[in-house]
Each structure stands twice: as structure tokens, then as C-alpha cells.
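Peer 1: Build the 3D model from these lines:
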Amino acid sequence: MDSAHSRNEWRFGWTPQAEIWNGRFAMIGFLAYLLWDLAGYSVVRDVLHLVAGSGFPAGIR
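Peer 2: Predicted coordinates:
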């Protein structure tokens, strides 16, 4: 790592700082989706036609 730059500095390109920020934004997005899913607005369940809690598509059970 370049010792002249802080790890939290906003830098573009293939830098360790950019990868750190990418990971942070990915974690925020994943948490936001989990909270959205817990609130009852599940996109995955709607697309796959899953019954909440069963784990099987609605027509199979």
C-alpha cells in the first residue's frame, strides 16, 4: 500500500482504498436488502414465486 495515502481516502482506480469503499458499499446494500426483506417486500420471493416460510414454490407444496 502507498504510505502517502490514508486507507479511508476516496481514490478511484485499482487501489486498496477503492476496494475498501467498494466492500463498505456492498455491506450497506446487503444490509438494506435484508431489512427490506424483513419488512415484507421480498423481491426474491416474488420472482421465484416462493411461499413465505415454506422454501418451496407455491405450486409444488
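
Peer 1: drop to CA atoms for contacts and neighbour counts, all remaining ones
Peer 2: Fine.

Peer 1: For Arg7, see how far away Ala32 is.
Peer 2: With the distance defined as CA to CA, to the nearest Å, Ala32 ends up 25 Å from Arg7.

Peer 1: Look at those two and report which has more neighbours.
Peer 2: Here Ala32 and Arg7 are set side by side on neighbour count (other CA atoms under 10 Å), and the busier one is Arg7, at 17 against 12.

Peer 1: In this protein, which residue is most central in space?
Peer 2: Taking CA atoms, centre = their mean as the criterion, Phe30 is the residue nearest the geometric centre of the chain, at 2.4 Å.

Peer 1: so it sits in a helix?
Peer 2: Yes - according to DSSP: H, G, I helix; E, B strand; the rest coil, Phe30 belongs to a helix.

Peer 1: got the contact list for it?
Peer 2: Residues in contact with Phe30, defined by CA atoms under 8 Å, 6 or more residues apart in numbering, are absent; none qualify.

Peer 1: any idea how far Asp37 is from it?
Peer 2: Separation of Phe30 from Asp37 (CA to CA): 11 Å.

Peer 1: which of the residues in the worst-scoring helix or strand of the chain on mean pLDDT are buried?
Peer 2: Confidence across the helices and strands of the chain bottoms out at helix 43-48, with a mean of 74, counting by mean pLDDT, DSSP states H and E. Going by neighbour count (16 or more other CA atoms under 10 Å), nothing in helix 43-48 comes out as buried.

Peer 1: and the gap between Asn22 and Trp14?
Peer 2: Distance of Asn22 to Trp14, given as CA to CA: 11 Å.

Peer 1: Which of those two has more residues huddled nearby?
Peer 2: It is Asn22, of Asn22 and Trp14, that has more neighbours when counted by other CA under 10 Å, with 12 against 8.

Peer 1: Surely that one is in a strand?
Peer 2: No - per three-state DSSP, Asn22 lies outside any strand segment and is helix.

Peer 1: Distance of it relative to Leu48?
Peer 2: Following CA to CA, the distance that separates Asn22 from Leu48 is 28 Å.

Peer 1: Next: Gly40.
Peer 2: Noted for Gly40: a distance of 15 Å to Leu48, by CA to CA.

Peer 1: Also Ile20?
Peer 2: To Leu48, Ile20 is 33 Å away according to CA to CA.
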